[in-house]
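Asker: heads up, no residue letters with this:
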């Protein structure tokens, strides 16, 4: 795809379908984390973040409908890879859940910011809106750092966990890229969209992931 | 309490604290039901209802703050009885979860409507607002009736389940009434607020419960 061509409708439907299902699952995971939080304050704070994710889901659902797509049909190809990712990375406790949400949000935000640059203004604005920070990152950083200060050996376990998360995420992303060529061309941001370009984008995302782990003291 | 006296601030703080925690837990339960729904359409529909419950929680949280109360302190006395109710009535499957949300919403709505009549206009408006139907009842009635048509023996199991739910709810309500005398006087709606008046209110709520079960074909 060249810079002047609008991305194919199919690719945009794929992108919004992927984003919509990811936001819906983020809502479920965050509300589950909220239910497990030990204090009422944390329950309320995580609940607010969950509701913000649902607002993003709603915005994408509406955009798909306006584009003439059936939102559920657009989401369906991404149910299996996203569910597989979540099934393979079920958190063992509340802290692992927080780290997962933080790492997942971060990777998703990098990915969507990269893709947003390639979109027409309206689609770009929507992608940036649904990626707006819901305040989750600061909440997680504060809680995880405090937990590690109280119990330093935690850092090793959580660092391994974060490494496993990014490995599983990349495995599923490769699966999606292989199955959805139009989406792969869109996200690679060039005419070829070869596996090499995709690989370079994943490498940039992995670099950013490492910086985020440092912020968590991992 | 006579009709002309405003209810004690303590009683109102109790009432809003109870309502707030109940709405927060309803949000957790509904988003859990949404995650378990088999179709993407049902996931989205139940997610919308969960988010509406969170909006009610937010309204009550704000009202408590404006009254000069600390919302978490106001909620705390009701955490144990509500958690005990939910722990003793964990749904075995998605349908039991739907019936539980429907029965719980219905009992709560009857209770709050009865109490709302005793409140000053502003508090009354808030209580009625947070009890506004979120569209959940129709959703549940449609799904449960369809499930029973497809598998008639289900009706017996779900009817027993609904009976158990109301029994557990009344047990916890009696516990709250015994521990929070100001709230008990507020909800009994008279000077004495004796156990007999409370008992009559619970009996009216149980009658309404039976009518709701008929709507579910139970």
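Answerer: Looks like it came in fine. Predicted, not measured: the structure shown is a model, and the values here were computed from it.

Asker: residue contacts, the residue of chain A most remote from its centre?
Answerer: Going by CA atoms, centre = their mean, the residue of chain A most distant from its centre is residue A:150, 29.1 Å out. By CB atoms under 8 Å, 6 or more residues apart in numbering or on different chains, the contact set of residue A:150 is empty. In short, each C-beta sits where N, CA and C put it, glycine included.

Asker: Enumerate the residues of chain A near chain B.
Answerer: Where chain A comes near chain B, counting by CB under 8 Å from any CB of the partner chain, the residues are A:21, A:24, A:27-28, A:31-32, A:34-35, A:39-41, A:43-44, A:47-48, A:50-51, A:54-55, A:57-58, A:61, A:71-72, A:75-76, A:79.

Asker: Take those and, keeping just the buried ones, write it as a PyMOL select command.
Answerer: Listed next is the PyMOL selection for buried residues among the residues of chain A next to chain B, using 16 or more other CB atoms under 10 Å in any protein chain shown:
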select buried, chain A and resi 21+24+27+28+31+32+34+35+40+43+44+47+48+50+51+54+55+57+58+61+71+72+75
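
Asker: quick one: the residue nearest the centre of chain A from chain B, how far?
Answerer: Nearest residue to the geometric centre of chain A (CA atoms, centre = their mean): residue A:108, 3.0 Å. From residue A:108 across to chain B, the span is 19 Å (CB to the nearest CB, to the nearest Å).

Asker: Leaving out sequence neighbours, find the closest residue to that residue.
Answerer: residue A:22 (6.4 Å; CB to CB, 6 or more residues apart in numbering or on different chains).

Asker: Distance check, that neighbour against residue B:12.
Answerer: According to CB to CB, to the nearest Å, residue A:22 stands 42 Å off from residue B:12.

Asker: Can you name the next helix or strand after the helix or strand harbouring residue A:43?
Answerer: Here residue A:43 sits within helix A:40-66, counting by DSSP states H and E. Counting by DSSP H and E, the next helix or strand C-terminal to helix A:40-66 is helix A:71-75.

Asker: other SSEs contacting that next one?
Answerer: helix A:9-36, helix A:40-66, helix B:40-66 (3 or more CB pairs under 8 Å, 6 or more residues apart in numbering or on different chains; DSSP states H and E).

Asker: avg pLDDT for it?
Answerer: Regarding helix A:71-75, the rounded mean pLDDT is 96.

Asker: what does that helix contact?
Answerer: A:13-14, A:16-18, A:20-21, A:24, A:60-61, A:64-65, B:39-41, B:44.

Asker: One more: stretch A:121-138?
Answerer: Applying CB under 8 Å, 6+ apart, the contact partners of stretch A:121-138 are A:12, A:15-16, A:19, A:23, A:30, A:45, A:48-49, A:52-53, A:56, A:59-60, A:63, A:101-102, A:105-106, A:108-109, A:112-113, A:115-117, A:119.

Asker: From the residues you listed, keep the buried residues only.
Answerer: For those, buried by 16+ other CB under 10 Å: A:12, A:15-16, A:19, A:23, A:30, A:45, A:48-49, A:52-53, A:56, A:59-60, A:63, A:101-102, A:105-106, A:108-109, A:112, A:115-116, A:119.

Asker: which residues of chain A score low on pLDDT?
Answerer: The model of chain A has pLDDT under 70 over residues A:1-8, A:133-134, A:189-197.

Asker: mind running it again at 80?
Answerer: A:1-9, A:105, A:107-115, A:117-118, A:130-137, A:186-205, A:217-218 (pLDDT under 80).

Asker: what about residue A:110, how many neighbours?
Answerer: Using other CB atoms under 10 Å in any protein chain shown, residue A:110 has 19 neighbouring residues.
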